[in-house]
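Asks: Please work out how this folds:
(chains A and B)
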Amino acid sequence: MAEQPKLLGALPSPFVYRVIWALKLKAIPYEFIEEDLTNKSPLLLKYNPVHKKIPVFLHGDKPVCESMIIVEYIDEVWPQNPLLPKDPYERAQARFWIKFAEDKATSVWRMFRSKGEELEKTMKETQEMLQTVEEHGIGEKKFFGRESIGIADIAFGSVVYWLEVIEEAVGEGAVFEAHRFPRLHAWIKNFKQVPVIKENLPERDWMVTFFKNRREALVGSA
Amino acid sequence: MAEQPKLLGTLPSPFVHRVIWALKLKAIPYEFIIEEDLTNKSPLLLKYNPVHKKVPVFLHGDKPVCESMIIVEYIDEVWPQNPLLPKDPYERAQARFWVKFAEDKGTPVLWRMFSSKGEELEKTKKETLEMLQTVEEHGIGEKKFFGGDSIGIADIAFGSVVYGLEIIEEALGEGAVFEAHRFPRLHAWIKNFKQVPIIKENLAERDWMVALFKNRREALAGSA
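Replies: The predicted structure follows:
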């Protein structure tokens, strides 16, 4: 296919960044199509009729939806710098942690949208989620189960980097404390230093301002 | 590995059945270890699924795999006969999309329909209808199965959801949510699914399940 694949997205969505990282790690050229989520394009509605959400990956005329499913698709079509291990058991472990990120990391987005008692509850949930990953997930290797960045790192990288920003934007105290989560702190530092990731992280101060404004509009003053 | 793999589970669980179907479809011998009492979890379960403490857990040698659809995908990779995922990456992505939909939208409404009453139940019924409508319109298409001519991973994911839904509906006795005239494609599909010989032989017996759910629901919710 001579035509470049297209990524339909809106920045700074953490879900869109997962796909960007996969594409960049494999040096796959693509066209980014910015979407206005308050006024969804016919393209988005056509290619993701079920969820009407970004990211949507268009390969030729074929849409793939759901960020981690897109990442897995990219890994299968462009096998250089593989993001999934070869061994079936290790693949099952990677998939387990991806599912954990998908199912449990929603507390971070809910934290962003809540205040008062609800905020306290979601902050606690987020810490429980982090605790589980700290104890059972990250292990002793540099990345999730391996020495080089892989699919579970992509899944969690978007969660944890956005959590760091959201924590600051919410301003109700730290959730992701270094003394409580030493392994995760070491891991996210390594993650952010991977050259492709470093070049493709939205700038932190800009993000904090962006999320502060969004939160104000959503939740009002605390 | 001379040793048979083990499946830790309970019999009424739709999640455990997904794994049973995958194993049976591929004629893989295994040992079923019944987790007798989920209110008093065994050391084996707590050891091998420390994160969620849930069934099913699949033990291959001493290595545990958790989460029903992840187990199914693992089984498909280790034992490639009668493949459950297509070969083409785009078709695989579509299969995964519908597995995720079954997990995110399908199974949660099952549990809520089973355990709720009054306004909460009405809300859940509405969500169930929406979920079924999406699958009816976008998921099953004109194919016999999600997997095409033979059952695949998405059929396994939805099969447990829809069969579970039929049973809960009957146990609730408040009228059908999964009506044939509203969901003709899905009705044709579940009929075909239940007629696949391996599935037919490995479906939890309906009357037993309905009675079980009626009792459990009474214990949970009191009479509606």
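Asks: show me where chain A has strands.
Replies: Using DSSP state E, the strands of chain A run over A:6-9, A:31-34, A:56-59, A:62-65.
Asks: JSON lines for those strands, including mean neighbour count, distance to chain B and mean pLDDT?
Replies: C-betas here are computed from N, CA, C, even on glycine. Converted to JSON lines, the strands of chain A look like this (neighbours: other CB atoms under 10 Å in any protein chain shown; distance: least, CB to the nearest CB, whole Å; pLDDT from 0 to 100):
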{"stretch": "strand A:6-9", "mean neighbour count": "21", "distance to chain B": "15", "mean pLDDT": "98"}
{"stretch": "strand A:31-34", "mean neighbour count": "14", "distance to chain B": "19", "mean pLDDT": "97"}
{"stretch": "strand A:56-59", "mean neighbour count": "23", "distance to chain B": "7", "mean pLDDT": "98"}
{"stretch": "strand A:62-65", "mean neighbour count": "22", "distance to chain B": "5", "mean pLDDT": "98"}
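Asks: of all the ones you listed, which lies closest to A:Ala186?
Replies: Judged by CB to CB, the one of the strands of chain A that comes nearest to A:Ala186 is strand A:6-9, at 29.8 Å.
Asks: Tell me the predicted confidence for A:Val219.
Replies: On the pLDDT scale, A:Val219 is placed at 87.
Asks: Hmm, it is touching A:Lys115, no?
Replies: Yes. A:Val219 lies in contact with A:Lys115 (CB atoms under 8 Å); the separation is 5.1 Å.
Asks: who are the neighbours in contact with the closest residue to A:Glu102 other than its chain neighbours?
Replies: Of all residues not flanking A:Glu102 in the chain, A:Met68 sits nearest, at 6.6 Å (CB to CB, 6 or more residues apart in numbering or on different chains). Residues in contact with A:Met68 (CB atoms under 8 Å, 6 or more residues apart in numbering or on different chains) are A:18, A:98, A:102, A:151, A:154-155.
Asks: one step back: can you tell which of the strands of chain A is closest to A:Thr122?
Replies: strand A:6-9 (25.4 Å).
Asks: Tell me how far the closest one lies from the chain's centre.
Replies: From the chain centre to the centre of strand A:6-9 is a distance of 15 Å (CA atoms, centre = their mean, to the nearest Å).
Asks: That strand packs against which elements?
Replies: On a contact count with 3 or more CB pairs under 8 Å, 6 or more residues apart in numbering or on different chains; DSSP states H and E, strand A:6-9 meets helix A:14-25, strand A:31-34, helix A:42-47, strand A:56-59.
Asks: Take the ones you listed and lay them out in TSV including distance to A:Val77.
Replies: What follows is the helices and strands packed on strand A:6-9, written out as TSV (distance: least, CB to CB, whole Å):
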stretch	distance to A:Val77
helix A:14-25	11
strand A:31-34	16
helix A:42-47	17
strand A:56-59	7
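Asks: Okay, now the unreliable bits of chain A?
Replies: A:1-2, A:221-222 (pLDDT under 70).
Asks: repeat that with 50
Replies: Along chain A, the model assigns pLDDT under 50 to residues A:1, A:222.
Asks: which residues does the residue nearest to A:Tyr89 when sequence neighbours are not counted bridge with?
Replies: Leaving aside its sequence neighbours, A:Tyr89 sits nearest to B:Lys63 (CB to CB, 6+ apart; 5.4 Å). Beta bridges link B:Lys63 to B:His60 when assigned by DSSP bridges.
Asks: Touching stretch A:189-197 from outside, list them.
Replies: Residues from elsewhere that reach stretch A:189-197, judged by CB under 8 Å, 6+ apart: A:21, A:24-25, A:142-143, A:149, A:153, A:157, A:160-161, A:198, A:201.
Asks: For those, pick the one with the most neighbours.
Replies: Neighbour tally across the contacts of stretch A:189-197 (other CB atoms under 10 Å in any protein chain shown): the maximum, 27 neighbours, falls on A:Asp153.
Asks: need the contact list for it.
Replies: Counting by CB under 8 Å, 6+ apart, A:Asp153 makes contact with A:143-144, A:187, A:191.
Asks: Determine which two of those residues are furthest apart.
Replies: Checking the contacts of A:Asp153 with CB to CB, the most distant pair is A:Phe144 and A:Phe191, at 9.7 Å.
Asks: circling back: what would the contacts of A:Met68 look like in CSV with neighbour count?
Replies: Formatted as CSV, those follow (neighbours: other CB atoms under 10 Å in any protein chain shown):
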residue, neighbour count
A:Arg18, 23
A:Ile98, 23
A:Glu102, 18
A:Ile151, 24
A:Ile154, 27
A:Ala155, 24
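Asks: Pull the contacting residues for the residue nearest to the spatial centre of chain A.
Replies: A centroid search over chain A (CA atoms, centre = their mean) returns A:Ser158, at 2.7 Å, as the residue closest to the centre. Applying CB under 8 Å, 6+ apart, we find A:Ser158 in contact with A:14-15, A:17-18, A:67.
Asks: With A:Val71 instead?
Replies: A:Val71 neighbours (CB under 8 Å, 6+ apart): A:18-19, A:22, A:83, A:151, A:154-155.
Asks: same deal with A:Ile154?
Replies: A:18, A:21-22, A:68, A:71, A:83.
Asks: make it 10 Å
Replies: Counting by CB atoms under 10 Å, 6 or more residues apart in numbering or on different chains, A:Ile154 touches A:17-22, A:25, A:67-68, A:71, A:75, A:83, A:98, A:101, A:143-144, A:191, A:197.
Asks: Equivalent analysis for A:Pro85, please.
Replies: A:Pro85 sits next to A:91-94, A:145-146, A:150-152 when contact means CB under 10 Å, 6+ apart.
Asks: Select from the residues you listed the one having the most neighbours.
Replies: Most neighbours among the contacts of A:Pro85, by other CB under 10 Å: A:Ala152, with 27 neighbours.
Asks: Could you tell me which residues make contact with that one?
Replies: Contacts of A:Ala152 (CB under 10 Å, 6+ apart): A:68, A:83-85, A:93-98, A:100-101, A:133, A:137-138, A:143-146.
Asks: Quickly list what's touching both of A:Phe144 and A:Phe191.
Replies: Jointly contacting A:Phe144 and A:Phe191 under the rule CB under 10 Å, 6+ apart are A:153-154, A:156-157.
Asks: what's the farthest-apart pair in these?
Replies: A:Ile154 and A:Phe156 (7.7 Å).
Asks: Can you pull the residues that touch both of these two?
Replies: With contacts defined as CB under 10 Å, 6+ apart, the residues shared by A:Ile154 and A:Phe156 are A:18, A:98, A:101, A:143-144, A:191.
Asks: A:Leu83 against A:Trp21, yeah?
Replies: Yes. Under the contact definition of CB atoms under 10 Å, A:Leu83 touches A:Trp21, with a separation of 9.2 Å.
Asks: what is in contact with those two at once?
Replies: With CB under 10 Å, 6+ apart as the test, A:Leu83 and A:Trp21 both reach A:71, A:149, A:153-154.
Asks: Please consider this matter closed, and thank you.
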